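Asks: fold the following.
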Amino acid sequence: MIAWVLRFCLNLKANSHKLRKELTFQEIQMAEEAIIRIIQAEWSSEMQEKYSKTIQFYEENKILKVRSRLILGEDAEDFVRPTVLPDSPIVRRLIEYTHKTIHYAGVQTTLSHLRERFWIPRGRRIIREILQNAESSTETIDDVDHEQTPPEEQFEILRIEQSQSVKKTRFGRRIVPVKRLDL
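Replies: Numbering: from 1, shown residues only. Next up is the predicted model:
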């Protein structure tokens, strides 16, 4: 969306070449950098000072990055020098999106996937908080108001409730009953 807004602003200029086709890679890259700059502008200098004692920061194109120890490897530039993304609503949406695209994996998997490009201060804590809120906010069948539904639909809801009762271990994993085959 930001890329389209930036293109619109560029097309408003009198002497510019009017772009009308699909977005180019450069336009998408510029939009991503603009969003990152906005997020990083909200980060307080006190937090940056707190982390600067243990982590080396440097700026590249007005974007704050972390200087890592992985300099001799043949890894991608974003992996070697990840971009700093402090906690913000946009970063929380990015975490939710990443969690969804990697098929609802756990905290560690989501964090390692994000760390391929970004470094989020207190990332594990933020991801754990987001995933716990997502689990508690999902609507369960018990939340359905039985008094407002007609009697024939209540039967359907009760049947769904009975079929979806699943036993879980103390770690939250599903226990699947073993089916016996009579041969």
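Asks: wait, what's in contact with residue 117?
Replies: With contacts defined as C-beta atoms under 8 Å, 6 or more residues apart in numbering, residue 117 is in contact with 78, 79, 82, 83. No exception for glycine: its C-beta is placed from N, CA and C like everyone else's.
Asks: quick check: which ranges of this protein have low pLDDT?
Replies: 14, 70-72, 136-167, 182-183 (pLDDT under 70).
Asks: in it, which helix is the longest?
Replies: helix 25-41 (DSSP state H).
Asks: next helix or strand past it?
Replies: helix 45-52 (DSSP states H and E).
Asks: now do that next one and helix 25-41, the angle between them.
Replies: In terms of direction (axes from the mean of the first three to the mean of the last three C-alpha atoms, to 10 degrees), helix 45-52 departs from helix 25-41 by 100 degrees.
Asks: list the buried residues of helix 45-52.
Replies: For helix 45-52, burial by neighbour count (16 or more other C-beta atoms under 10 Å) applies to 48, 51.
Asks: does the residue most central in space within the chain belong to a helix, a strand or coil?
Replies: In the chain, the residue lying closest to the centroid (C-alpha atoms, centre = their mean) is residue 95, at 1.6 Å. Three-state call for residue 95 (DSSP: H, G, I helix; E, B strand; the rest coil): helix.
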